[in-house]
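compute the structure for the input listed below.
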Amino acid sequence: MSNKRFPIYLNRHTVALIHIFTRPDELEDLWITDYPMYNENYEDVAKNAAKQFIDQLQGRWTPRFLKALRDEIEQRLND
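Numbers count the residues shown, from 1 in each chain. Below you'll find the model as predicted:
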């Protein structure tokens with residue numbers, strides 16, 4: 001994985017900025033990571049998270065972007 005970050009172009013007029021929050025310790029410092037449902041039903045949580053990810057793009061994606069994203073995901077899963 002490259003350490004250099006580039007804009008995530010969704011279409012010719014839209015770029016995405018993604019913020020990743022992590023909790024490296026046991027403190028309840030980020031409410032978003034305190035989600036017991038994840039441990040109870042992680043498959044549904046993962047499906048809903050994937051849907052939410054695409055929904056938050058607000059329809060500003062292109063089929064070309066989604067196909068490239070799919071191809072990258074398949075490559076990562078196969079590695």
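
doesn't Gln52 belong to a helix?
Yes. Gln52: assigned to a helix according to DSSP: H, G, I helix; E, B strand; the rest coil.

number of residues surrounding it?
9 (other C-beta atoms under 10 Å). Yep, even glycine has a C-beta here, placed from its N, CA and C like the rest.

could you check how far it is from Gln58?
12 Å (C-beta to C-beta, to the nearest Å).

centre-most residue in the protein?
Central residue of the chain (C-alpha atoms, centre = their mean): Phe53, 5.5 Å from the mean position.

residues contacting that one?
With C-beta atoms under 8 Å, 6 or more residues apart in numbering as the criterion, no residue contacts Phe53.

how near is it to Lys4?
From Phe53 to Lys4 the distance is 22 Å (C-beta to C-beta).

quick one: contacts of the longest helix seen in the chain?
For the chain, the helix with the greatest residue count under DSSP state H is helix 63-78. Defining contact as C-beta under 8 Å, 6+ apart, one finds that helix 63-78 is touched by Tyr9, Leu10, Asn11, Ile54.
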